[in-house]
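Novice: Next one to model:
(chains A and B)
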Amino acid sequence: DVKVTQSSRYLVKRTGEKVFLECVQDMDHENMFWYRQDPGLGLRLIYFSYDVKMKEKGDIPEGYSVSREKKERFSLILESASTNQTSMYLCASSGARTYNSPLHFGNGTRLTVT
Amino acid sequence: TQLLEQSPQFLSIQEGENLTVYCNSSSVFSSLQWYRQEPGEGPVLLVTVVTGGEVKKLKRLTFQFGDARKDSSLHITAAQPGDTGLYLCAGERGGANSKLTFGKGITLSVRP
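Specialist: I've put the predicted structure just below:
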C-alpha cells in the first residue's frame, strides 16, 4: 500500500514564524500535492509538483512556497505565518499524469497560528 | 462559483436506511472520483468513473456517472455506522497536467 507520511499531526505556531510542513511518500510517485481543507470551503490546491525541483501554483498559492529536492519529499513552507493560515493541511501523491490517477493522501497536519 | 456542487451538505440517518447523494456540475469531466474521509484521517479513494452512464458497485455502495459526464451519484444501501464520514467527489477535465477539482463534500452520519 502507498504510504504518505506527514511529519506532524498537530502544530501550533505564532504569527510571523516561518513554518515547514514535511511530506514523504514511499511509492516512487512522480506527482505530489499540497491542499488545505477548511470547513465550508472543501479542499483547495496550494501547490503541486510533477517532478523533482519542479513546482506549479495551484488555486491558492499566496503566502506559501514549496520545495521538492528529492522525489519522495515535498515540503510546504509558510514564509511568515498568519492567523488566516490556520487550517488542516493535506499532502497527496499520485503515480501517473493520466487524468484518472487516484490521489493517495496523508493523514493531515492541523496547523494553528496564534 | 463552485465547479462541483455536492448535495445534501449534511445527512443524518438511521442504520439500515438507504440514501443517495449527488455531485453536479455544468462542466463536462473526463472522469470523476469519490473519496471518503473519516475524522482524523486523509481522504481515501472509493471509485473512479470514466464513461458516461457507467455504474460501479462497491459492496453496498453504487456509483453512477451521468450520461453527459457532468454529474454523479452515490447510493448506499442499508447504511451502517461504519459508513459515517465525509464524502468528496473530485472531477478532472482531462488533458496534459490536468488537476482534480474537489467538491465541498457531504457529511454523513449513520446512527446505530
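
Novice: how many neighbours does residue 15 have?
Specialist: No chain specified, so I'll use chain A. Around residue A:15 there are 11 other residues, counting by other CB atoms under 10 Å in any protein chain shown. In short, each C-beta sits where N, CA and C put it, glycine included.

Novice: Chain B, not that one
Specialist: For residue B:15, using other CB under 10 Å, the count is 13.

Novice: Show the contacting residues for it.
Specialist: Neighbouring residues of residue B:15 by CB atoms under 8 Å, 6 or more residues apart in numbering or on different chains: B:79-81, B:110-112.

Novice: Identify the spatial nearest neighbour of the closest residue to chain A within chain B, chain neighbours not counted.
Specialist: Closest approach between chain B and chain A, counting by CB to the nearest CB: residue B:42, at 3.0 Å. Spatial nearest neighbour of residue B:42, excluding adjacent residues (CB to CB, 6 or more residues apart in numbering or on different chains): residue A:105 at 3.0 Å.

Novice: from the contacts of residue B:15, which ones fall inside strands?
Specialist: Counted as lying in strands by DSSP state E, out of those, are B:110-111.

Novice: export the contacts of residue B:15 to TSV and tack on neighbour count, distance to chain A and pLDDT?
Specialist: Shown next, in TSV, are the contacts of residue B:15 (neighbours: other CB atoms under 10 Å in any protein chain shown; distance: CB to the nearest CB, whole Å; pLDDT from 0 to 100):
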residue	neighbour count	distance to chain A	pLDDT
B:79	22	23	97
B:80	12	23	97
B:81	10	21	96
B:110	20	21	97
B:111	11	22	96
B:112	7	25	95
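
Novice: Could you single out the nearest of the contacts of residue B:15 to residue A:6?
Specialist: Of all those, residue B:81 has the smallest distance to residue A:6: 27.4 Å, by CB to CB.

Novice: and the residue lying closest to residue B:17 once chain neighbours are set aside, what does it touch?
Specialist: Leaving aside its chain neighbours, residue B:17 sits nearest to residue B:79 (5.5 Å; criterion: CB to CB, 6+ apart). Contact partners of residue B:79, counting by CB under 8 Å, 6+ apart, are B:13, B:15-19, B:60, B:108, B:110.

Novice: one step back: okay but the residue of chain B closest to chain A is in contact with residue A:106, surely?
Specialist: Yes - using CB atoms under 8 Å, residue B:42 is in contact with residue A:106, at 5.3 Å.

Novice: which neighbours do these two share?
Specialist: Counting by CB under 8 Å, 6+ apart, the contacts common to residue B:42 and residue A:106 are A:4, A:90, A:92.

Novice: thinking in terms of the whole chain, how far from its middle is stretch B:50-65?
Specialist: With CA atoms, centre = their mean, to the nearest Å as the basis, stretch B:50-65 stands 10 Å off its chain's centre.
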